[in-house]
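Undergrad: Sharing a model that was predicted from the sequence below.
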Amino acid sequence: MASAFSRRRRADIVIWSPSSQAATISAGEWITASGEWINDRMHGQQFKARFLKISAPTSIEGIEKYLGSGIIRGIGPAYAKKLASLAGLHMKRVTMELGGHAPAIVFEDADIDRAVKVLAASKFRNAGQVCVAPTRFIVHESVYPRFVDGFVTAAKSIKVGDGLADGVTMGPVAHSRRLEAMEALTADAVSRSAKVACGGERIGNRGYFFAPTVLTDVPMGPRVMNEEPFGPIAVMSAFSEYDAAIREANRLAYGLAAYAYTRSAKTMAEVGRDVESGMVSINHHGLALPELPFGGVKDSGYGSEGGAEALEAYLNPKLITQMT
């Protein structure tokens, strides 16, 4: 008896539900473009792909009729659970990347200079509008002052402005709503005893520029500690014991990315085991590379958008046995 294991191509449906913060999508927009033939040169086949773009909650019911014909990918958090339930009705697999609120734990034995350099660059990249941006900085009390001072210095060194201008290292937030959100999150944190170490305000009165902001001694209550800010705000809090740091890292429903800095191999292993996140990067920014799996856990979604794992959602294992 001979046996073979093969994978069969699927006809794919892509549903893109942009964030409400997307600058180019207007409310109520519903665009479909279907019937395009895609060449599969490897297998000498063609298949049709259907691409949908949705941004209004009223469009949810409109997509149900499409779910019977393929895979759903690239959906945003606003529709995630509803779309997952609809996909389940048709037994369709779903890949979801739904954002995060990434913790960055800095232990007492960390290389502080390196931690500041890498984490500040990662935090303010694209004005903090990155789903895996470190946002909640959980720093051991023994190195907290040094780390905060270094981070504030790095934030103040950033030149904000037109991204096409010489020397500019950070551009604007996406639109006026994001600007208003940054102001509101900062004001709420300050009203609850947080301190503004730098930034905290709009730059100028033209465009959507918000100063790189560092909030220190932030308690658990403010919105910025519980909602993804998706902007150039870094929030700092101190810890004294390992378990306290892990509790804070895992406190929220998010679980997309997490970071840690330590020289201890034991601590590295424990962080990798204990932090509830789809991706954990220790002592560097080693994620979001095309060859690596990219995805979250908990309310940050499931499935992978990177690495060989990303292909699995598009393929069906098929076993064929034959006897002659």
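TA: Cool, the structure landed.
Undergrad: which of the residues in stretch 218-228 are buried?
TA: Neighbour-count burial for stretch 218-228, counted by 16 or more other Cβ atoms under 10 Å, picks out 218, 222, 224-225, 228. Where C-beta positions appear, they are placed from N, C-alpha and C, glycine not excepted.
Undergrad: Over to stretch 86-95?
TA: Neighbour count says stretch 86-95 has 86-87, 92-95 buried, by 16+ other Cβ under 10 Å.
Undergrad: Met96 looks like it's in a strand, true?
TA: Yes: Met96: assigned to a strand according to DSSP: H, G, I helix; E, B strand; the rest coil.
Undergrad: distance of the closest residue to Leu256 other than its chain neighbours from Ser191?
TA: In space, and not counting its chain neighbours, Leu256 is closest to Gly100: 3.0 Å by Cβ to Cβ, 6 or more residues apart in numbering. Using Cβ to Cβ, to the nearest Å, one obtains 25 Å as the distance from Gly100 to Ser191.
Undergrad: Which one's more surrounded, the two?
TA: Neighbours per residue (other Cβ atoms under 10 Å) separate Gly100 from Ser191, with Gly100 holding more: 29 against 10.
Undergrad: so how far is Ala154 from that one?
TA: From Gly100 over to Ala154 the distance is 22 Å, taken as Cβ to Cβ.
Undergrad: how about low-confidence regions in the stretch 101-250 of the chain?
TA: Of all residues in the stretch 101-250 of the chain, none has pLDDT under 70.
Undergrad: re earlier: between the buried residues of stretch 86-95, which is nearest Thr213?
TA: Using Cβ to Cβ, Thr95 is the member of these that sits closest to Thr213, with 32.9 Å.
Undergrad: Identify the bridge partners of that closest one.
TA: As for beta bridges, Thr95 partners with Arg73 under DSSP bridges.
Undergrad: Surely it is in contact with Ala313?
TA: Yes: counting by Cβ atoms under 8 Å, Thr95 does reach Ala313; the two are 5.0 Å apart.
Undergrad: So which residues of the stretch 51-200 of the chain form helices?
TA: With DSSP state H, counting those that start in this stretch, the ranges of helices along the stretch 51-200 of the chain come out as 60-63, 80-89, 112-124, 144-156, 176-191.
Undergrad: centre of the chain versus the last one, how much separation?
TA: Going back to what we said before, that points to helix 176-191. Centroid separation for helix 176-191 versus its chain: 20 Å, with Cα atoms, centre = their mean, to the nearest Å.
Undergrad: Find the centremost residue of this protein, please.
TA: In the chain, the centroid-proximal residue (Cα atoms, centre = their mean) is Cys131; its distance is 2.3 Å.
Undergrad: how about Pro134, what does it touch?
TA: 102-104, 119, 122-123, 234, 257, 259 (Cβ atoms under 8 Å, 6 or more residues apart in numbering).
Undergrad: Chain neighbours aside, what residue packs nearest to it?
TA: Ala104 (3.9 Å).
Undergrad: how many other residues sit next to the one you found?
TA: 25.
Undergrad: Contacts only, for it.
TA: So Ala104 contacts 119, 134-138, 258-261 (Cβ under 8 Å, 6+ apart).
Undergrad: can you list the domains in this structure?
TA: Domain ranges of the chain: 2-98+297-322, 102-282, per automatic domain parsing.
Undergrad: just those domains: most buried one?
TA: Compared across those, domain 102-282 shows the largest average neighbour count, a mean of 19 (mean count of other Cβ atoms under 10 Å).
Undergrad: Off-centre distance for that one?
TA: 13 Å.
Undergrad: show me where the stretch 151-300 of the chain has strands.
TA: Taking DSSP state E, counting those that start in this stretch as the criterion, the stretch 151-300 of the chain contains strands spanning 195-198, 213-216, 233-239, 257-261, 279-282.
Undergrad: how about CSV for the ones you listed, with distance to Ala288 added?
TA: CSV is the format used below for these (distance: least, Cβ to Cβ, whole Å):
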stretch, distance to Ala288
strand 195-198, 27
strand 213-216, 23
strand 233-239, 19
strand 257-261, 8
strand 279-282, 8
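Undergrad: looking at those strands, which is closest to Tyr302?
TA: Going by Cβ to Cβ, the one of these nearest Tyr302 is strand 279-282, 12.8 Å.
Undergrad: The residue nearest to the centre of the chain contacts Gly99, doesn't it?
TA: Yes: using Cβ under 8 Å, Cys131 is in contact with Gly99, at 4.9 Å.
Undergrad: Between these two, which contacts overlap?
TA: Contact criterion Cβ under 8 Å, 6+ apart; residues shared by Cys131 and Gly99: Leu256.
Undergrad: Tyr314 versus Ala308, what's the distance?
TA: Remark: distance between Ala308 and Tyr314 (Cβ to Cβ) = 12 Å.
Undergrad: which two in the contacts of Pro134 are spaced the farthest apart?
TA: Ala234 and Ala257 (14.8 Å).
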